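> I'd like to go over a predicted model; first the sequence, then the structure.
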Amino acid sequence: EAQVTQNPRYLITVTGKKLTVTCSQNMNHEYMSWYRQDPGLGLRQIYYSMNVEVTDKGDVPEGYKVSRKEKRNFPLILESPSPNQTSLYFCASSKADRQVEYFGPGTRLTVT
Amino acid sequence: EDQVTQSPEALRLQEGESSSLNCSYTVSGLRGLFWYRQDPGKGPEFLFTLYSAGEEKEKERLKATLTKKESFLHITAPKPEDSATYLCAVQTRRGYQKVTFGTGTKLQVIP
């Protein structure tokens, strides 16, 4: 089954404690991205990757890091989480033309 | 700056009562406009891509249309299972890797 998986699905952490949210896709897609979704603000792109070792900033990259060492994986790293990073996070993948994006199930992060 | 505005924010329909959702956009050079459906607690699910003014696409009770300034998602004789948030997004020619989403329309269909 074609899918995008994220782990964990739910995470509660404290300010400053480094964390990683994993994302994996099994569709051999070139393009992967991370979004955060906040009430009233919609989906905002954090980082994206056009292929292995190629990443770039989206609209709201501050406080986040990513890496793309393998085509199927695109982890999101929060080196020092803060409460304003409390949000619902989605990973997505697509072919290089970006025409159809497949989203993961989401990770609900709470930073206290 | 690219802007996408969806209206209304929320819509409540009786089962069978047809209506339309609006997505207006301001971009320099539209490459594609996308419609997604999002159920509570889940990731968005792709519905349609529209590329040029005048284009229309249909899927079951949904029909998406596109003009030079806006897109409509028409829902004909909706059923309760059509209840969801509908998201619109645009992709521009100059930065095709970037997609800008609207804030969505939350649709509730009452039996």
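Thanks, I have the structure now. If you're wondering where the values come from, they're calculated on a predicted model, not measured in any experiment.

> what residues are up against the residue of chain B found nearest chain A?
Of all residues in chain B, residue B:43 sits closest to chain A, at 3.1 Å by CB to the nearest CB. For every residue, glycine as well, the C-beta is placed using N, CA and C. Shown in contact with residue B:43 (CB atoms under 8 Å, 6 or more residues apart in numbering or on different chains): A:4, A:90, A:92, A:103, A:104, A:105, A:106.

> buried only: go through those for me.
Among the contacts of residue B:43, those classed as buried by 16 or more other CB atoms under 10 Å in any protein chain shown are A:4, A:90, A:92, A:103, A:104, A:106.

> OK, contacts around the nearest residue to the first one once chain neighbours are set aside?
When the adjacent residues along the chain are set aside, residue A:4 lies closest to residue A:104, with 3.9 Å between them (CB to CB, 6 or more residues apart in numbering or on different chains). If a contact means CB under 8 Å, 6+ apart, then residue A:104 has A:3, A:4, A:5, A:6, A:23, A:90, A:91, A:92, B:43 as its contacts.

> which one of the residues you listed is nearest to residue A:65?
residue A:23 (13.4 Å; CB to CB).

> bridging residues for the closest residue to the closest one other than its chain neighbours?
Residue nearest to residue A:23 in three dimensions, not counting chain neighbours: residue A:91, with 3.4 Å by CB to CB, 6+ apart. Judged by DSSP bridges, the bridge partners of residue A:91 are residue A:34.

> repeat for residue A:55
Going by DSSP bridges, residue A:55 forms beta bridges with residue A:49.

> if we can go back for a sec, name the nearest of the buried ones among the contacts of residue B:43 relative to chain B.
residue A:103 (3.1 Å).

> any idea of the pLDDT on the nearest residue to that closest one once chain neighbours are set aside?
Leaving aside its sequence neighbours, residue A:103 sits nearest to residue B:43 (CB to CB, 6+ apart; 3.1 Å). On pLDDT, residue B:43 comes in at 95.
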